[in-house]
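>>> have a look; sequence and predicted model below, questions after that.
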Amino acid sequence: MDKYIRFDWAAKRILRDKANFGVLEGLMTVLLGEKVTIVEILESEGNQRLEDDKFNRVDIKARNSKGEIILVEIQQTRELYYLQRILYGVAKAITEHIKLGDKYDQVRKVYSISIVYFDLGKGADYLYHGQNNFIGIHTHDELKINTRDKDAIKITTPADIFPEYYIIRVNEFNKVATTPLEEWLDYLRNGNIKDNTTTPGLSEAKEKLRYLQMTDADRHAYDRHIDNIMIENDIMETKVIEGLEQGRAEGRAEGRAEGLAESRSDIARKMKASGMSVEQIAQFTGLSLEEIAKL
């Protein structure tokens, strides 16, 4: 049975090249329910190829054939204020792609796709979708806007303009894959791709993302990447919880604070021993650079 490269690794190393756009296009086509063609991968602060494979987040920003912006983010470990950061990323994408002095008709719609491998709140589904709609308080009708475009009246809804958000909770998927969306989730979670798949993007992935096609150097780097993910997940999922539970068991605010502080220090020591940079350790644990240096 073929072994396929994880999607986060592929997004970091492979899928940014035009020859491999078909994989990303397939995922977006399945999610959005319409054919998506990527024209280019756009540069931004969080959209650069990172050599440090311990970095637990992958970001891709693309422009589709309609001129819309698509943000794809893959997040491996828990992060505080995650929803706020998604909102900031969308707002930043909008402002990055309108020039000073442009009219507001140059604002482009943004799709934000978050693929998360941690427990993001409560909810039974593995896919959530949100967008802006304006509904009458008394009439319950949806507001539609009349605009004039080339001497013609054009009716638009806020949903035509405002961002849309998709959150894929990978770890919540536990079904037998029968639909294109379920096949994508089966790949994202379990690395499975059906031999006879016709799902957009996955047939391309079968050819592009085979583990055994990698060079020895890339295979070694990929295996190290998987080890790092396992280490991070183990540290972040168990030690933080242990610290919080220890504090709660003591039944005092001081106990909770001490338990969490001790857990963070323990996490930082293990991250430091695994070779992570102090900046990344600070991001994950909330400790200062000075505190980390003393460990």
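Perfect, I can see it now.
>>> isn't there a helix covering residue 182?
Yes: Residue 182: assigned to a helix according to DSSP: H, G, I helix; E, B strand; the rest coil.
>>> what separation do you get for it and residue 129?
In this view, residue 182 and residue 129 are 16 Å apart by C-beta to C-beta, to the nearest Å. The way it works is simple: take the backbone N, C-alpha and C, and place the C-beta from them, glycine included.
>>> these two - which one has more neighbours?
Comparing residue 182 with residue 129 by other C-beta atoms under 10 Å, the one with more neighbours is residue 182, at 17 against 11.
>>> and the pLDDT for the more buried one?
At residue 182, the model reports a pLDDT of 96.
>>> tell me the SS of the residue nearest to it when sequence neighbours are not counted?
Among residues not flanking residue 182 along the chain, residue 175 sits closest, at 5.8 Å (C-beta to C-beta, 6 or more residues apart in numbering). Following three-state DSSP, residue 175 is assigned to coil.
>>> do the same with residue 29
The three-state label given to residue 29 by three-state DSSP is helix.
>>> can you pull the contacts of it?
By C-beta atoms under 8 Å, 6 or more residues apart in numbering, residue 29 lies in contact with 35, 36, 200, 201.
>>> let's see that with 10 Å instead.
Counting by C-beta atoms under 10 Å, 6 or more residues apart in numbering, residue 29 touches 22, 35, 36, 37, 180, 199, 200, 201.
>>> same deal with residue 174?
126, 185, 189, 190.
>>> using JSON lines, lay out those together with secondary structure and distance to residue 286.
JSON lines is the format used below for those (DSSP: H, G, I helix; E, B strand; the rest coil; distance: C-beta to C-beta, whole Å):
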{"residue": "126", "secondary structure": "coil", "distance to residue 286": "29"}
{"residue": "185", "secondary structure": "helix", "distance to residue 286": "32"}
{"residue": "189", "secondary structure": "helix", "distance to residue 286": "29"}
{"residue": "190", "secondary structure": "helix", "distance to residue 286": "32"}
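>>> most neighbours among those residues, which one is it?
Within the contacts of residue 174, residue 185 tops the neighbour count with 24 neighbours, counted by other C-beta under 10 Å.
>>> isn't that residue right up against residue 191?
No: assessed by C-beta atoms under 10 Å, residue 185 is found out of contact with residue 191, at 11.5 Å.
>>> returning to that earlier point: now do the same contact list for the residue nearest to residue 182.
By C-beta under 10 Å, 6+ apart, residue 175 lies in contact with 126, 182, 185, 186.
>>> kindly report the same for residue 71.
42, 44, 46-47, 59-62, 86, 89-90, 92-93, 110-114, 163, 165 are the contacts of residue 71 under C-beta under 10 Å, 6+ apart.
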